[in-house]
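> Whatever this is, show me its structure:
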Amino acid sequence: MKRLIVAGLVAALPLAGCANMTPGQQRALSGTAIGASGGAIIGAIAGNAGLGAGIGAAAGLAGGLIYNKVKEDQSASYSAGYQAGATGRPPNPPQ
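Numbers count the residues shown, from 1 in each chain. The predicted model follows:
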């Protein structure tokens, strides 16, 4: 019974740490975690899981940050278009 409680706490602790993260931080963390797990699997097949996890984490972090930049630009463009429509002026896209 104690092991079950400890296992539940260990599983819930990382999720509680993500509660106050910005969407950009969550995207970067998700990309890193997915990249590390995928890299570890590929690295284990190739013979070095640790190196694969490290490379995968770096690639996942880069992917998460790029995805975050795309989403921020998309949101800014939407806001600019919405404001232009609300005021009746032509849109002034963000630079």
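
> switch to C-alpha atoms for all contacts and neighbour counts from now on
Fine.

> show me what contacts residue 68?
23-24, 27-28 (Cα atoms under 8 Å, 6 or more residues apart in numbering).

> what residue ranges in the protein score low on pLDDT?
Scanning the chain for pLDDT under 70 picks out 4, 6-18, 91-95.

> which SSE is the closest residue to residue 23 other than its chain neighbours in?
Of all residues not flanking residue 23 in the chain, residue 68 sits nearest, at 7.9 Å (Cα to Cα, 6 or more residues apart in numbering). Assigned by DSSP states H and E, residue 68 belongs to helix 49-87.

> List the buried residues in that helix.
Going by neighbour count (16 or more other Cα atoms under 10 Å), the buried part of helix 49-87 is 49, 51-68, 77, 80-81.

> so who does the residue lying closest to residue 48 once chain neighbours are set aside touch?
Leaving aside its sequence neighbours, residue 48 sits nearest to residue 40 (Cα to Cα, 6+ apart; 8.0 Å). With contact taken as Cα under 8 Å, 6+ apart, residue 40 is in contact with 48-54, 56.

> Distance check, residue 40 against residue 62.
17 Å (Cα to Cα, to the nearest Å).

> Over to the most centrally placed residue in the chain. Which of the three states is it?
The centroid of the chain falls nearest to residue 27 when counting by Cα atoms, centre = their mean (1.7 Å). At residue 27 the chain is in helix, as set by DSSP: H, G, I helix; E, B strand; the rest coil.

> thinking again about what came up before, now the residue nearest to residue 48: phi and psi?
Main-chain torsions, residue 40, degrees, to the nearest 10: phi -70, psi -40.

> any idea how far residue 55 is from it?
In terms of Cα to Cα, residue 40 sits 9 Å off from residue 55.

> Then residue 47?
Counting by Cα to Cα, the gap from residue 47 to residue 55 is 14 Å.

> Off-centre distance for stretch 32-48?
Centroid separation between stretch 32-48 and its chain, computed with Cα atoms, centre = their mean, to the nearest Å, is 17 Å.
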